[in-house]
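J.: Below are the sequence and a predicted model for it; my questions follow.
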Amino acid sequence: MRHHGVGGHNGRMSGSYVRSAATADGRRVLTFRVDTDTIADPHLEPAPLAAGFCPRTW
């Protein structure tokens, strides 16, 4: 993920996807896990990231 002032890391293992992201100053941190065996829409990742880091959605 590339967003001004936010860095992150993700990972996959069988049946699971995890994403962590944080602002450079550590004031906002977000980690979520998705069950990839039952996920209906693989494009859902931007929603929690926008909610956590985009001021217009707070």
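T.: Here it is on my side, so go on.
J.: Flag the shaky bits of the protein, pLDDT-wise.
T.: Along the chain, the model assigns pLDDT under 70 to residues 1-4, 9, 39-40, 42, 57-58.
J.: Run through the helices of it in chain order.
T.: Using DSSP state H, the helices of the chain run over 46-53.
J.: Tell me how far Gly8 lies from Thr36.
T.: Distance, Gly8 to Thr36, by C-beta to C-beta, to the nearest Å: 18 Å. Using the backbone N, CA and C atoms, a C-beta is placed for each residue, glycine as well.
J.: okay, these two: which has more neighbours?
T.: In this view Gly8 and Thr36 are compared by other C-beta atoms under 10 Å, and Gly8 has more residues nearby, 16 against 13.
J.: and that one, what does it touch?
T.: Shown in contact with Gly8 (C-beta atoms under 8 Å, 6 or more residues apart in numbering): 1, 19-22.
J.: hmm, which of these are the buried ones?
T.: 19, 21-22 (16 or more other C-beta atoms under 10 Å).
J.: would you turn the residues you listed into TSV with distance to Pro55?
T.: Converted to TSV, these look like this (distance: C-beta to C-beta, whole Å):
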residue	distance to Pro55
Arg19	20
Ala21	15
Ala22	16
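J.: and of these, the nearest to Asp41?
T.: Arg19 (15.1 Å; C-beta to C-beta).
J.: For the residue lying closest to that closest one once chain neighbours are set aside, grab the count of nearby residues.
T.: Spatially, and ignoring its direct neighbours in sequence, Arg19 is nearest to Asn10 (4.5 Å; C-beta to C-beta, 6 or more residues apart in numbering). Per other C-beta under 10 Å, the neighbour tally for Asn10 reads 11.
J.: Fine by me, thanks again.
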